Every structure is written in structure tokens, then in C-alpha cells.
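Novice: Task: produce atomic coordinates for the following.
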Amino acid sequence: MAHAPLLRTNTAPVFQSTLSGTGGLQQDSMNNAPRTSQLSGSTAFAGSSSSLNSLSSGATVVPGQNGGPVIATTNIINQKADASRSLYQICVSLKQRLAQVPNFEPFLEQLDPTDPVDPLWNLFRSGYPLLVIYNSLQPPEPLRVDDPNASEAKKSKIAIFKFVQACMKELQVPPTESFVITDLMGNDTSGFVKVTQVVNYVLDLAEQRGLLLQQHLYPEDEPMAAPGGSQMSYRDHIVKELVDTERKYVQDLENLHDLKKSLEQKGAIPGDIVHQIFLNINAILDFQRRFLIRVETTNSMPKVAQRWGAPFCFYEDAFDIYQPFIANQRKAAQIANQVFDKIQLSEHPVAADFNTLDGFLLKPMQRLVKYPLLLKASFDSIPCPAPPTDDDDPQHLHKKSEDAETRNDLMSGCEAAERVLHKANEAVNRDLLDEALEELINRVDDWKSHKVESFGKLLLHGVYGVITGKSDQEKDYEIYLFECILLCCKEASPNKSKDKKDKSRTSGPRLRNRNTKLQLKGRIFMTNVTDIVSLSKPGSHSVQIWWKGDPGVENFTIKFLNEEMMKKWAVGLETQRKENAPRLSTSPDGIAADFAWTRDHAGGLENPYLQQDDDDDEDYGPATAPAQFPVPSNSTVGSMPPIGDWGQRAFTGRHRKGTASTIPTADSSSAPQPTDDG
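Specialist: Numbering: from 1, shown residues only. The predicted structure follows:
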């Protein structure tokens, strides 16, 4: 395997002095820029269908004065990736330097040429190579381990300790710049980075004193010459972008992690606040360094052997480490904004202004969004191989086989990256729903004997217009879909207006007043729901819910501002209707439906029809689910319901003007037949 020789550079985050504090940045202008990460009440990224170019790293900009042109700023967030800062390249470069250390040749022969990181890490853990490196300085008393009775494990720790002690005492390495035994013996890449920095410092001194051997390259370390006149293909450019942006991303994580360390050392803000902002950034950085090692290892292979989907499949489960950080990002930005004046006391370039810090906090989610786009672009760049024919020569057949294998690898990697992104979005949604549930519990005055903990997980919520079966009047309700129940709540207003309808209600999104108390107006157990009917036409999107009421079948309609939200609720409601559908008993005494949730929780719940509210908004929906769900007499267990014109429209899933879409149930006879005129 060939590696281009690299000049060693400082592996710590590189900060220019001109960026310290507020120098060179127009903070007032940048602080006025809106940040969607704080204001958005939904998932930050719904998917990876955006264009690749829209996610490219752009320069941080500030508006020009007096309407002038927009000006790009010299901001750390725009700092270009330095390849020599990646742990992979650090180890490649360090291996080349170690070849110049006298008497180090036997140790180099133990290293695996295909993996520059882990073998070198394990080599240093043995301790003795560190003594040889230090002794290359030709100290008056060479370092050695003189305890013959110690075990090999103990001798290794003694050797490491003597190396660190000599560096701090004789070479004046500050304790903050040195490392401890656990940094080397542990598995955190941040600790090993410290080790490489100290080793490189010792080699710098030996080189300055002329004590190293003349450098020579091993055959596998000689740079490969680019083919004359060759041009990069579209796929080559995609691979280059993947590698370059991965290096840049790890560099950004290092800078964010460095800010956290700076805040912890200076004590500008309490440790618990630091944790609430940065959460598990240490673990994310460690994982991402390892992922970058896999990326750079793949990049060092011959092109025909590169399998770019493999790293994403291999690390798919490990990417779960992102979920807490991404779910916490919105709260982290809010907390950071509240204490930002204290964060700026660190004089760290990441904290030059709040927009810059917020941009760094958004980086992890942005990276997860970009992975599927890069893999999909690489997949699309490979033509789909035609089926083999008798006229194909062996070389052509081999090329077709390689293309098919590469496409399968990229498709598997893209699917893995999509699943990672989906789980990250789910984590964001779950955090928002948990917050909404806590808010709901605090805002409802009277739960009418219901126990919130028995509702199951909160799945969807929002403020929408509702039309009940008792009236054509549309009213705003805060609606909450749980696993087992659908709740409709109304703001409790002491000076309730009797206006029947607000003509401008559908002109924009409905706003929530989070400080207003709520009244529980509708409670519909999902065990009672019989049909979910969605209706979509230009300017009108609604979902009609039918349930077994007291008495008879009742319904109400939820109005949505767009078709996407309507479909989301229709799918969610239909899923829970099926999950809570009656399960037929196998008892010989007869066919009956029994609901485990009802048996456990429905007892003793009060009937809302026994009481009347003071306002004109009547409660609707039974307070209890029935103990049995009767099977319609005209249907046979296990048979398909009759499909008429309505059924055909439902199964084709078409949404014509004024056409309802539903999935008929065995009890669909209880629901009215929608007509074409809506």
C-alpha cells in the first residue's frame, strides 16, 4: 500500500491568533442572523432527498453595509481541512519518522503495513519503543526498566511512566500537553492523539540535534505516480469530496471538543451546564476518528478494490451514539445562548459569536444527512451493467461483475446511511414529543379520572381545526395521538368569546400559547375507532375519524394545512387503529373481542355524558372502551369485506377532487359511504 510522504504538522486544533476573542469578526451583524435550529419545532432534517450541492459547506457571511454585497468572513467554521491532522495520516507520517530513529528497525518490522493506526498504538503500549525514542536524544542516563521480577504488563507501565516523567522533567513538557498511562492504555483516540504529539515533539528535538538517521522511504511508502494525462472521473470527484469533507468534519468536532475542554479548565460556566451543551461530544469524536481511519484506509486501496458502502454497513449500529447529541441539539443551542456571554470569556474561536457556535452544534446532523447523498451520487455514477451475453470476452465479463459488485456495495451502504439518518430523526421527534407530553401534563387542569401513564407513548400532536359530527363549525383544538387514545384539548379562556367562526382561521399556521391551561374536551379510545377516511383536494386536506360512540357511530374531522401533514396523521391513526383492533377470542363459549389495555385501565373511568360543561363546547367520545367489540353479523371471520366502487377507490389510493381515501374494515358498514361531491 502506498502512502505519500507527509510533512508533520501540529495535530492539535489550529487557531489563528487573529481569531481569538472578537478580532476580525462583525459580531453584531452575525448575531442578527436567524437560526432555524432554535426556532424549528420539528425534526431538523426530514430525509436525504435534498440536493448534494445544497448541503455543501459554505462560507460564513455577513450582510454588506448600506445594502452592499455580502462579505465572507475569515471564520473558523470555514477553515479548510488539513489532511495531516487526521489520526490516520498522523500515524502514516509518524511511522516514516520512526524509521530514522536508531535501533528502531525491529519494532517497525512488527507493524502491519495495511493498518497504520492500531498496530502503532499497540506497539507504544508495550512501553519499550518509547524508551528507544527518548534514548535517541542521547541523555546522560538512558531510560531502561531494571526490575527483572516484574511481569511484562507491569514492565510496560514502568516504561511508559519513565518516558512521561523524563519528558516532563528533562524536556519541560507541560503537564497539560503531556499524557498519562491511561491515555495510552485506554481505547479513546483523543488519548492516543496526545501520545503522538509528545512522541513527535521528542523526534523534533532529536532532529534539531542531528541525532536521527537519514530518511529513506520503504517501497510501500513511496508515492504512487499519477498516470500521465489522466483525468478524474465524476465518481473520483465524489470520492474526493467524501474524504475531504470527512477530514473537515472530524476537524470541526476536534474544535468543538477543544472549546468544551477550555470551558472545563477555566470554569467559566458550571460543569453541568457544559454537559448539557456538549453532552457526549467526546464519544462522538472518538467514534468519528475511527470512522475516518476506515475511510482513509479505503481511499488508500486500488480503485477497483475500494468498497465505499462497507464502512457504513460495518459502523451502522455504532452511529447510534449520535442520537442523544442530535436530539439534544435544540436545547443545547438554547442553553448556550443563555450563557453565551460567559462562554465568550474562553476567547475560543468557536465562540467568536453565537452563530458560529450554533453552526458547530448543527454539524453532526448535517453530516448524517450528507452521507446518503454522497453514496447515492457515487451509485448513480456507475452504469448499470447489462446482462452477460455469449459475445462478451472474459475481460468484459469481469468488468460487468466488478460494476455489479460495486453497485451492490454502494446500495447497501446507502441504505445503512438512510437508516442511521432515520433513527437520528426519530430521536429528535421523540425528544420533541416527550417535551410536548410534559407540557400537556402541566397544562391540563382536570384529567377526569384518566391516567396519562396508561395512554402509551405520545406519537403525534399539533393544533388543528376540528369539525365534530354535531356541528359544521370549525374550532381549534390541540390534538394528541397516543398509542391507545386520541385526545382533543381546548384552551381554557375565562372570558370566552361566543363568536361562532373566525373567517381568517385558515390563512396561516395556528399558534400555541404554551402558558394557557387546557381543558380535556375529547377522549377517543383507539379500540373504538372503526374507520379513518382521508380527503384531499386543492385547498382542503382533512382526516375523518369514525368511532363507536354512545349510542351509535360518531365521527369528527381534523383539518390540515397541507397534504403531507394530513397523510402523516392518517397513517398514524390507521396504524394505531389496527394495533388496537379487537382480537377474536378462541373461547368455545362464543366469539368475543377482548382488549388487554381496556381490562387493565378502563375500570372506574367516568362517563363524560353524565356532566355538562358551562361553555358551548360539549365533550365528545366515550370515557371508557367497551369490554367487547361486537363482530358484524354480515361478515365472516377471516373473509375479505365486499369491495364496491368505494372500496376500489380506497385500494387504488387515488386522491381525486372530493374523493375520500380509506381502508375498509370488517365493520365498514357502520361508516357512511363518501360521495364524489365530498
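Novice: Val202 touches Leu171, doesn't it?
Specialist: Yes: between Val202 and Leu171 there is a contact under Cβ atoms under 8 Å: 7.1 Å. From N, CA and C alone the C-beta is placed, and that goes for glycine too.
Novice: Of those two, give the one with the bigger neighbour count.
Specialist: Val202 (20 against 15; other Cβ atoms under 10 Å).
Novice: tell me the mean pLDDT for the host helix or strand of the more buried one?
Specialist: According to DSSP states H and E, Val202 maps onto helix 189-208. The average pLDDT for helix 189-208 rounds to 97.
Novice: Can you list the buried residues in it?
Specialist: 189-203, 206 (16 or more other Cβ atoms under 10 Å).
Novice: Quick check: what element follows it along the chain?
Specialist: helix 234-266.
Novice: For that next one, name the packing helices and strands.
Specialist: Helix 234-266 is packed against helix 271-278, helix 281-299, helix 354-380, with contacts defined by 3 or more Cβ pairs under 8 Å, 6 or more residues apart in numbering; DSSP states H and E.
Novice: Pick the most buried one from those.
Specialist: Across the helices and strands packed on helix 234-266, the average number of neighbours (mean count of other Cβ atoms under 10 Å) peaks for helix 354-380, which reaches a mean of 21.
Novice: ok and it relative to helix 281-299, angle-wise?
Specialist: Here helix 354-380 runs at an angle of 30 degrees relative to helix 281-299 (axes from the mean of the first three to the mean of the last three Cα atoms, to 10 degrees).
Novice: So which elements touch the helix or strand just after helix 354-380?
Specialist: Following helix 354-380 in sequence order, the next helix or strand is helix 394-443 (DSSP H and E). Identification of packing neighbours for helix 394-443 by 3+ Cβ pairs under 8 Å, 6+ apart yields helix 310-314, helix 322-338, helix 354-380, strand 458-468, strand 474-482.
Novice: Turn the ones you listed into TSV, columns for mean pLDDT and distance to Gln79.
Specialist: What follows is the helices and strands packed on helix 394-443, written out as TSV (pLDDT from 0 to 100; distance: least, Cβ to Cβ, whole Å):
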stretch	mean pLDDT	distance to Gln79
helix 310-314	98	25
helix 322-338	97	20
helix 354-380	97	11
strand 458-468	93	41
strand 474-482	94	45
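Novice: want to try TSV for the ones you listed, with distance to Ala283 as columns?
Specialist: Converted to TSV, those look like this (distance: least, Cβ to Cβ, whole Å):
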stretch	distance to Ala283
helix 310-314	18
helix 322-338	9
helix 354-380	12
strand 458-468	28
strand 474-482	33
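Novice: out of those, nearest to Asn75?
Specialist: Proximity to Asn75, assessed across the helices and strands packed on helix 394-443 by Cβ to Cβ, is greatest for helix 354-380 (6.0 Å).
Novice: Give me the angle between that closest one and helix 322-338.
Specialist: Using the same axes, to 10 degrees: helix 354-380 against helix 322-338 is 150 degrees.
Novice: Mind giving me the packing neighbours of helix 354-380?
Specialist: Helices and strands touching helix 354-380, by 3+ Cβ pairs under 8 Å, 6+ apart, are helix 27-31, helix 36-39, helix 234-266, helix 322-338, helix 340-343, helix 394-443.
Novice: at 7 Å what do you get?
Specialist: helix 27-31, helix 234-266, helix 322-338, helix 394-443 (3 or more Cβ pairs under 7 Å, 6 or more residues apart in numbering; DSSP states H and E).
Novice: Please identify the buried residues of the second one?
Specialist: For helix 234-266, the buried set under the neighbour-count rule, 16+ other Cβ under 10 Å, comprises 235, 238-239, 241-243, 245-263.
Novice: What mean pLDDT does that helix get?
Specialist: 96.
Novice: Strands of the stretch 1-150 of the chain, start to end?
Specialist: 61-62, 71-72 (DSSP state E, counting those that start in this stretch).
Novice: you'd agree Phe291 is up against Phe312?
Specialist: No: Phe291 lies out of contact with Phe312 (Cβ atoms under 7 Å); the separation is 9.0 Å.
Novice: Isn't Asp183 up against Val195?
Specialist: Yes: counting by Cβ under 7 Å, Asp183 touches Val195, with 6.2 Å between them.
Novice: for the chain, which spans come out with low pLDDT?
Specialist: Within the chain, the stretches with pLDDT under 70 are 1-74, 216-230, 385-401, 494-513, 583-678.
Novice: could you redo the last one with a cut-off of 50?
Specialist: Residue ranges of the chain with pLDDT under 50: 1-63, 65, 70, 223, 225-229, 498-509, 586-615, 623-678.
Novice: helix, strand or coil for Ile524?
Specialist: Each residue gets one of three states, and Ile524 gets strand by DSSP: H, G, I helix; E, B strand; the rest coil.
Novice: Just grab the bridge partners of it for me.
Specialist: Ile524 forms beta bridges with Leu486, as assigned by DSSP bridges.
Novice: Can you give me the neighbour number for Ser300?
Specialist: Here the number of neighbours of Ser300 (other Cβ under 10 Å) works out to 17.
Novice: Next: Asp472.
Specialist: Asp472: 9 neighbours (other Cβ under 10 Å).
Novice: So that it lines up with my notes, have the first residue be 55 from now on.
Specialist: Sure thing, new numbering starts at 55, so read that last one as Asp526.
Novice: Now the phi/psi pair for it, please.
Specialist: phi -90, psi 0 (degrees, to the nearest 10).
Novice: tell me the contacts of it?
Specialist: Contact analysis of Asp526 by Cβ atoms under 7 Å, 6 or more residues apart in numbering lists nothing.
Novice: how close does Ala199 sit to Val249?
Specialist: Wrong residue type there; residue 199 is Val, not Ala. 18 Å (Cβ to Cβ, to the nearest Å).
Novice: ok but Gln598 is inside a strand, no?
Specialist: Yes: looking at Gln598 with three-state DSSP, it is inside a strand.
Novice: So what are the structural domains in this structure, by residue number?
Specialist: Annotated domains of the chain cover 71-135+287-481, 154-268, 502-546+568-686+696-724 [automatic domain parsing].
Novice: what's the closest of the ones you listed to Glu489?
Specialist: Nearest to Glu489, of those and by Cβ to Cβ, is domain 71-135+287-481 at 8.6 Å.
Novice: Show residues contacting the helix holding Val256.
Specialist: Under Cβ under 7 Å, 6+ apart, the answer for helix 243-262 is 62, 65-66, 141, 144, 148, 151, 175, 178, 187-188, 190-191, 221, 225, 227, 232-233, 236-238, 266, 336, 339-340, 343-344.
Novice: Which of those fall in helices?
Specialist: Residues of the contacts of helix 243-262 located in helices (DSSP state H): 141, 144, 148, 151, 175, 178, 187-188, 221, 236-238, 336, 339-340, 343-344.
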